[in-house]
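Enquirer: Quick one: sequence and predicted model below, then my questions.
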Amino acid sequence: GAGVSQSPRYKVAKRGQDVALRCDPISGHVSLFWYQQALGQGPEFLTYFQNEAQLDKSGLPSDRFFAERPEGSVSTLKIQRTQQEDSAVYLCASSLVPGGSYNSPLHFGNGTRLTVT
Amino acid sequence: KNEVEQSPQNLTAQEGEFITINCSYSVGISALHWLQQHPGGGIVSLFMLSSGKKKHGRLIATINIQEKHSSLHITASHPRDSAVYICAVYGAGSYQLTFGKGTKLSVIP
């Protein structure tokens, strides 16, 4: 596709419900990042994939958060037993080269706004 | 503690004004991003720079590595420039971006 696509754009979940957020990166992009952006804050790193390998998940806030990218393209961020503090915009970004760098800018999706009630 | 600080947090300007947004960081970096985020949530990369100055249309970004400071300037501001502008840095040798909290710009006709 022309850009990074995320779905759904908006998700309302009841506390305790499981949710799955999808990211379609730009075709051929090796690196994929997930970020969490709370209201009025800058995005914060969640996890990083290089192709299908999850090389860094240090930013995942709890074991209720799980991400995968099984074929090295589409990625899914899953949140189990959602809590109100999970309410945020979840952003996906991809980059052509491993790790992302000065020579290969990040391309961001429009995000999924999750509201947990 | 946020390693990337932006100022001001909010900025309202009249159409046509010259605008400056500042970013200071406390760690060694390999590069700095200026990003634009519209109310719909999507983020667009405006500039990535590691030294000097870059210009694109009415936008100018500068960075002073020694002072750990960068500025984003908008000349002849327009209401369509209204957005949140975010500064983000790549730590030296790191692929992780550390983001500032953003500066919300409103340009009034």
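Expert: In hand now; what should we look at?
Enquirer: contacts and neighbour counts: CA atoms only from here.
Expert: Noted.
Enquirer: list the contacts for A:Ser31?
Expert: By C-alpha atoms under 8 Å, 6 or more residues apart in numbering or on different chains, the contact set of A:Ser31 is A:48-51, A:94-100.
Enquirer: pLDDT wise, what is it at?
Expert: Looking at A:Ser31, its pLDDT stands at 93.
Enquirer: go on, the one 4 residues further on?
Expert: Note on A:Tyr35: pLDDT of 95.
Enquirer: can you list the weak-confidence ranges in chain B?
Expert: Applying pLDDT under 70 to chain B flags the ranges B:1-2.
Enquirer: swap in chain A?
Expert: Residues of chain A that meet the criterion pLDDT under 70 lie in A:1, A:100-103.
Enquirer: how about the residues of it near chain B?
Expert: Residues of chain A found near chain B (C-alpha under 8 Å from any C-alpha of the partner chain) are A:40-45, A:89, A:99-102, A:105-111.
Enquirer: Return the subset of these lying in strands.
Expert: With strands taken from DSSP state E, the overlap with the residues of chain A next to chain B comprises A:44-45, A:89, A:107-108.
Enquirer: Put the buried members of the residues of chain A next to chain B into a PyMOL selection.
Expert: Here is the PyMOL command that selects the buried residues among the residues of chain A next to chain B (16 or more other C-alpha atoms under 10 Å in any protein chain shown):
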select buried, chain A and resi 42+43+44+45+89+99+100+101+105+106+107+108+109+110+111
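Enquirer: hmm, back to that, by neighbour count, which of the contacts of A:Ser31 wins?
Expert: Counting neighbours by other C-alpha atoms under 10 Å in any protein chain shown, A:Ser94 leads those with 32 neighbours.
Enquirer: What strands line up against the host helix or strand of that residue, and which way round?
Expert: Following DSSP states H and E, one finds A:Ser94 within strand A:88-95. In the sheet containing strand A:88-95, its partner strands are strand A:31-37 (antiparallel), strand A:107-108 (antiparallel), strand A:112-116 (antiparallel), by DSSP bridges.
Enquirer: how many neighbours does residue 79 have?
Expert: Using chain A. Counted with other C-alpha under 10 Å, residues neighbouring A:Ile79 total 20.
Enquirer: looking at chain B here, not the other one
Expert: Counted with other C-alpha under 10 Å, residues neighbouring B:Pro79 total 15.
Enquirer: residues touching B:Ser77, list them.
Expert: B:13-19, B:107.
Enquirer: what's the strand holding A:Ser94 in contact with?
Expert: A:4, A:6, A:23, A:25-26, A:29-39, A:43, A:104-115, B:41.
Enquirer: Dead centre of chain A: give me the residue that sits there.
Expert: Most central in chain A under C-alpha atoms, centre = their mean is A:Trp34, positioned 3.1 Å from the mean C-alpha point.
Enquirer: Could you verify my assumption that B:His38 touches B:Val84?
Expert: Yes. B:His38 lies in contact with B:Val84 (C-alpha atoms under 8 Å); the separation is 6.4 Å.
Enquirer: Tell me which of these two has more neighbours.
Expert: B:Val84 (23 against 16).
Enquirer: Identify the residue spatially nearest to the more buried one, adjacent ones excluded.
Expert: Closest residue to B:Val84 apart from its sequence neighbours, by C-alpha to C-alpha, 6 or more residues apart in numbering or on different chains: B:Lys104 at 4.3 Å.
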